[in-house]
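Asker: sequence first, predicted coordinates after that:
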Amino acid sequence: MGTFIQLVFDGLSTGSIYAALALAIVLVNQATGLINFAQGGMAVLSAYIAWQFTQWGLPLILAILAAVVVSFAFGALVERWLMRRFERGDPDTAVVVTIGLLTLITGFCAWLWSYNNRLFPSLFPLETVDIFGAAVSVRSIGTIAVLIAIMLLLQLLFIGTKLGLALRAVAINPQSAAFSGLPVGRLLMVGWGLAAVLGALAGVLVAPSLTLTPGMMDGALVYALAAVILGGLSSPIGVVVAAWLIGILENLAAVYVPFIGHDLKIAVPFILIFVVLIVRPQGLFGRKVVVRV
Amino acid sequence: MTLLELKDVTAYYGPVQVLEGVSLSVPDGGAVGILGANGAGKTTTLRAISGTVRAGGSIVFDGTDIRGMRPDQVAALGIAHVPEGRGTLGDLTVRENLRVGAYLRKDRKQIASDIDYCLDLFPNLQNRIRSNASALSGGEQQMLAVARAFMAKPRLLLLDEASLGLAPSTAKNVYEAIGRLRRESGIAMLVVEQNANLAFTLVDTATVLETGRSVLSGTTAELKGMDEIRRAYLGG
């Protein structure tokens, strides 16, 4: 029983990191209709920026806050100077541009900070607490708590504020939103900026356990995309639940299904996707897109 | 005083020229109709004004040349476009749609009382205030689209085919409410409408477009007196 609880908490914790990245992907997708494959790369860049700030002597929490601010600006600039040129064209082109951006950012990080693993300090102490006889790490609980806080803040932003209302309006119908005077371009920049902030948080949460490398988020990106597909592109709650599910299942399968083990656990979410897409192509929580003619 | 003046406005969709020279003017507080067959350029004329299609010629609103401005900049000057197909924000509730309409305003109290005014103008929306716009009937969506445009407190309303797809009695209700809105608010209106009989209940003057060119304009009384207008647009 102790092992089981421990595995569930660890799964929720890694799932929370996939969830933060998946939420970023959903945010951009809702606003612009495209999948940003560079989201993971941007998260790595943010983590490196935070690490650089700590190297310059800033306390960790301030370094992270500074990296969050820089990430917001970077996300907004990517929208303004890069993606906007492709937003009106073929969506496939825009997606390929994001893949190019991923390569570019990864290369840039490697050039500036090398491929060597960098130790990234953890926000949380390396202690464990006892929950129902299981030793659960404070880091896991902290990571889960941060994600829940992120979700509450996002909910507050989108439901409770004028900016959130405007972001939703632009996501639904940019042209119609502009007729009410909403500055669509600037709101898209904010959307990309917010997504970059979510990625930055995912990056600094995962960096202590994986250590910082340019390809650190590649695996997480794959899982995040799996969560996005599983949960449904149109459902933020759905992708978080899916990300948690993926995190837990891969942990449990690795331990309890001998055939899978740690080597094959990466396959678990994809088997899940396979099954879900056959039964519900719109994802577990997503809505069918109906095109009216 | 002239609020909006179009002179020789041209517009293209790709290589196809849709407007070949549209001229018309809307006086402050006046209501002008645009009549014409399918493809004559009625909708494109409105789109040229609101900045959703690139246009040539001159479009002057209240002394400012607005040609080439972005739609949100045009809206900020006081022009509200109710597009063909209504453009309501489906995943937002009726109240949220109205709040989006008031996005540029800062007068919170006045916004609340304007929402009440909209619900008085369109009582159907009262019961649906918490519903998503996508759950509304076609008539209710059209009412919401007009109400949302009003929430911006514009000086000019561009109204595109407000009767499209509605039952005749619903369309009549919508136009009666818009007529009341006009009387009580004094907002100027530029109205595109297939159903000329309906349009004439609202507008004072109208301009007739043929293949992207304005060919004729006059008061509704003058136009009703012309045989060819009666035959083409008023059903005999």
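Answerer: Noted; the coordinates are in hand. These numbers come from a predicted model, not from an experiment.
Asker: what about the strands in chain B?
Answerer: In chain B, the segments counted as strands under DSSP state E are B:2-13, B:16-27, B:31-36, B:55-61, B:64-65, B:79-82, B:156-160, B:188-192, B:205-210, B:213-219.
Asker: which elements pack onto the second one?
Answerer: For strand B:16-27, the contact count by 3 or more Cβ pairs under 8 Å, 6 or more residues apart in numbering or on different chains; DSSP states H and E identifies strand B:2-13, strand B:31-36, helix B:42-50, strand B:55-61, strand B:188-192, strand B:213-219 as packing neighbours. Just so you know, the C-beta spots here come from the backbone N, C-alpha and C atoms, and that holds for glycine as well.
Asker: so where's chain B shaky on pLDDT?
Answerer: B:236 (pLDDT under 70).
Asker: cutoff 80 now
Answerer: B:234-236 (pLDDT under 80).
Asker: burial of residue B:217, as a residue count?
Answerer: Neighbour count of residue B:217, defined by other Cβ atoms under 10 Å in any protein chain shown: 19.
Asker: quick check: buried residues in the lengthiest helix in chain B?
Answerer: What stands out as the longest helix in chain B, according to DSSP state H, is helix B:168-185. Residues of helix B:168-185 classed as buried: B:170-175, B:177-178, B:181-182, B:185 (neighbour count, 16 or more other Cβ atoms under 10 Å in any protein chain shown).
Asker: what sits up against that helix?
Answerer: B:31, B:121-122, B:138-139, B:142-143, B:146, B:150, B:159, B:162-163, B:166, B:187, B:189, B:195, B:198, B:201-202 (Cβ atoms under 8 Å, 6 or more residues apart in numbering or on different chains).
Asker: which residues touch the closest residue to residue B:114 other than its chain neighbours?
Answerer: Spatial nearest neighbour of residue B:114, chain neighbours left out: residue B:151 (5.9 Å); criterion: Cβ to Cβ, 6 or more residues apart in numbering or on different chains. Listed by Cβ under 8 Å, 6+ apart, the contact set of residue B:151 reads A:180, B:98-99, B:101-102, B:105, B:111, B:114-115, B:118.
Asker: restricted to buried residues, select these in ChimeraX.
Answerer: In ChimeraX, this line selects whichever of the contacts of residue B:151 come out buried by 16+ other Cβ under 10 Å:
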select /A:180 /B:98,99,101,102,111,114,115,118
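Asker: tell me which of the helices and strands packed on strand B:16-27 sits nearest to residue A:171.
Answerer: Across these, residue A:171 has its closest neighbour in helix B:42-50 (20.7 Å, Cβ to Cβ).
Asker: C-alpha coordinates for the closest one, PDB please?
Answerer: Extracted C-alpha coordinates of helix B:42-50, given in PDB (Å, rounded to 0.1, in the frame of the first residue of the first chain):
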ATOM      1  CA  LYS B  42     -23.300  45.700 -50.300                       C
ATOM      2  CA  THR B  43     -21.500  43.600 -47.700                       C
ATOM      3  CA  THR B  44     -18.100  44.500 -49.100                       C
ATOM      4  CA  THR B  45     -19.000  48.200 -48.800                       C
ATOM      5  CA  LEU B  46     -19.600  47.700 -45.000                       C
ATOM      6  CA  ARG B  47     -16.400  45.600 -44.800                       C
ATOM      7  CA  ALA B  48     -14.400  48.400 -46.500                       C
ATOM      8  CA  ILE B  49     -15.700  50.800 -43.900                       C
ATOM      9  CA  SER B  50     -14.900  48.600 -40.900                       C
END
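Asker: what about it, near chain A?
Answerer: Yes. Using Cβ under 8 Å from any Cβ of the partner chain, helix B:42-50 reaches chain A at residue B:50.
Asker: not counting residues beside it along the chain, what's closest to the most centrally placed residue in chain B?
Answerer: Nearest to the geometric centre of chain B sits residue B:159, at 1.3 Å (Cα atoms, centre = their mean). Spatially, and ignoring its direct neighbours in sequence, residue B:159 is nearest to residue B:191 (4.7 Å; Cβ to Cβ, 6+ apart).
Asker: in the sheet, who's paired with the one you found?
Answerer: residue B:33, residue B:159 (DSSP bridges).
Asker: that one reaches residue B:202, doesn't it?
Answerer: Yes. Look at residue B:191 against residue B:202 with Cβ atoms under 8 Å: they come within range, at 5.9 Å.
Asker: what touches both of these two?
Answerer: Contacts common to residue B:191 and residue B:202, judged by Cβ under 8 Å, 6+ apart, are B:31, B:33.
Asker: neighbour count for these two, which is higher?
Answerer: Neighbour count, other Cβ under 10 Å: between residue B:191 and residue B:202, residue B:191 has more, with 28 against 21.
Asker: contacts for stretch A:80-96 next, please.
Answerer: A:32-35, A:37, A:97-98, A:101, A:185, A:188-189, A:192.
Asker: switch the cut-off to 10 Å
Answerer: Contact with stretch A:80-96 is made by A:28, A:31-38, A:75, A:78-79, A:97-98, A:100-101, A:174, A:185-186, A:188-189, A:192-193, as judged by Cβ atoms under 10 Å, 6 or more residues apart in numbering or on different chains.
Asker: filter these to the buried ones?
Answerer: A:28, A:31-32, A:34-38, A:75, A:78-79, A:97-98, A:101, A:174, A:185, A:188-189, A:192-193.
Asker: restrict those to those near chain B?
Answerer: Among those, proximity to chain B is found for A:174, A:185 (Cβ under 10 Å from any Cβ of the partner chain).
Asker: where does pLDDT dip in chain A?
Answerer: Looking along chain A with the criterion set at pLDDT under 80, you get A:1, A:87-89, A:234, A:258-266, A:269-270, A:272-273, A:277, A:281-293.
Asker: strands of that one, start to end?
Answerer: Going by DSSP E, chain A shows strands at A:128-131, A:134-137.
Asker: partner strands of the first one, with direction?
Answerer: Here strand A:128-131 has these sheet partners by DSSP bridges: strand A:134-137 (antiparallel).
Asker: can I get the strand it pairs with as PDB, trimmed to CA atoms?
Answerer: Below are the C-alpha coordinates for strand A:134-137, written out as PDB (Å, rounded to 0.1, in the frame of the first residue of the first chain):
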ATOM      1  CA  ALA A 134       4.100   6.100   2.500                       C
ATOM      2  CA  ALA A 135       7.100   8.400   2.300                       C
ATOM      3  CA  VAL A 136       6.000  11.100  -0.200                       C
ATOM      4  CA  SER A 137       8.600  13.700  -1.200                       C
END
